[in-house]
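Q: coordinates only, sequence not included:
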């Protein structure tokens, strides 16, 4: 990736955009599948008329129009995943602001910019989503331990220590969970955020 | 002292962890999914190809649902 100034007058050609377009167009079938899974993950719970394809499209457009330049050394899929996450976070933040505005709760508008600002509707949806995840892994005690640990923001080593799990068991459980979630056809329908 | 439960934070952490898992999933796992007719992986990859082609301004042979989208819907995502 390089940034080349074509002439000193003004025109700057940013080749990161060209590189990104080339790299996106050259994604393999498995990488496309990975991208779809990420798009579905971040766009879960969006209104029915907005789907994962819209989020993915918007992310690619933002990369190509230069509003989200692809930084050097960041893997393309990880970068696109971050852009999609950001788009969806912005969407939810806007939804919450609009809801507050509708209810005339102007005082809360300033606090909603914080992503972890409490919101009863959002908390209910998240609680339902967590219940769905627990139901999905009900009976798999190791998986439930990993879920509990991740929910608390623990690292792998901390989860192993907390729940007396061997590192190998942790890895096996994590892979089992990943396969199960991905095999569900990338339908991460565990509610809104 | 009891710590207040914040499910949206828990969910955000789990989602981020799953995102990392998707990025880290070995190619073989994804290929298994591609071969699984129950997952419709081939249709999914075609959908992604269509989205990319549309974003790149290229004509698409296979019309996905996205192509049918009107600009108003998409603008809902724009800031």
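A: Thanks, I have the structure now. Source: prediction; values computed, not measured.
Q: What is the neighbour count of residue A:46?
A: 20 (other CB atoms under 10 Å in any protein chain shown). For glycine as for every other residue, the C-beta is placed from the backbone atoms N, C-alpha and C.
Q: Helices of chain B, residue ranges please.
A: All helices of chain B, identified by DSSP state H, fall at B:7-24, B:27-34, B:41-56, B:71-75.
Q: helices and strands of chain B: which one has the lowest mean pLDDT?
A: Here the helix or strand of chain B ranked lowest by mean pLDDT, DSSP states H and E is helix B:71-75, holding a mean of 48.
Q: For chain A, which helix or strand comes out least confident on mean pLDDT?
A: Lowest on mean pLDDT, DSSP H and E among the helices and strands of chain A sits strand A:3-5, with a mean of 34.
Q: on that earlier part again, what's the least confident stretch among the helices of chain B?
A: When the helices of chain B are compared by mean pLDDT, helix B:71-75 comes last with a mean of 48.
Q: which SS state does residue A:49 fall under?
A: Using DSSP: H, G, I helix; E, B strand; the rest coil, the structure places residue A:49 in coil.
Q: Pull up the per-residue confidence for residue A:69.
A: For residue A:69, the predicted pLDDT is 92.
Q: Kindly state the domain boundaries assigned to chain A.
A: A:1-114, A:118-193 (automatic domain parsing).
Q: what packs against the lengthiest helix in chain A?
A: Looking across chain A with DSSP H, the single longest helix is helix A:76-102. Packed against helix A:76-102 by the contact rule (3 or more CB pairs under 8 Å, 6 or more residues apart in numbering or on different chains; DSSP states H and E) you find helix A:15-25, helix A:29-43, helix A:52-64, helix A:106-109, helix A:120-136, helix B:7-24.
Q: Would you single out the least confident of these?
A: helix A:106-109 (a mean of 61).
Q: Can you add mean neighbour count and distance to residue A:166 and give the helices and strands packed on helix A:76-102 back as a markdown table?
A: Formatted as a markdown table, these follow (neighbours: other CB atoms under 10 Å in any protein chain shown; distance: least, CB to CB, whole Å):
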| stretch | mean neighbour count | distance to residue A:166 |
| --- | --- | --- |
| helix A:15-25 | 16 | 39 |
| helix A:29-43 | 24 | 28 |
| helix A:52-64 | 23 | 36 |
| helix A:106-109 | 12 | 47 |
| helix A:120-136 | 16 | 23 |
| helix B:7-24 | 19 | 20 |
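Q: Could I get the ones you listed in a markdown table, plus columns for distance to residue A:96?
A: Below are these laid out as a markdown table (distance: least, CB to CB, whole Å):
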| stretch | distance to residue A:96 |
| --- | --- |
| helix A:15-25 | 31 |
| helix A:29-43 | 17 |
| helix A:52-64 | 18 |
| helix A:106-109 | 9 |
| helix A:120-136 | 7 |
| helix B:7-24 | 11 |
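Q: To residue B:34, which of these lies closest?
A: Set against residue B:34 and scored by CB to CB, these come closest in helix A:29-43, at 6.3 Å.
Q: Let me know whether that closest one sits next to chain B.
A: Yes. Helix A:29-43 reaches chain B (CB under 8 Å from any CB of the partner chain) through A:29, A:30, A:32, A:33, A:34, A:35, A:36, A:37, A:38, A:39, A:41, A:42.
Q: who touches the nearest residue to the fourth one once chain neighbours are set aside in this structure?
A: Just to be clear, that refers to residue A:33. Spatial nearest neighbour of residue A:33, excluding adjacent residues (CB to CB, 6 or more residues apart in numbering or on different chains): residue B:30 at 5.1 Å. By CB atoms under 8 Å, 6 or more residues apart in numbering or on different chains, the contact list for residue B:30 reads A:30, A:33, A:34, A:182, B:41.
Q: Now do stretch A:134-144: distance to the chain's middle.
A: How far stretch A:134-144 lies from its chain's middle: 22 Å, per CA atoms, centre = their mean, to the nearest Å.
Q: First-to-last residue distance for it?
A: Using CA to CA, to the nearest Å, the end-to-end distance of stretch A:134-144 comes to 7 Å.
Q: Quickly check: it near chain B or not.
A: No. Residues of stretch A:134-144 contacting chain B under CB under 8 Å from any CB: none, with a closest distance of 10.6 Å.
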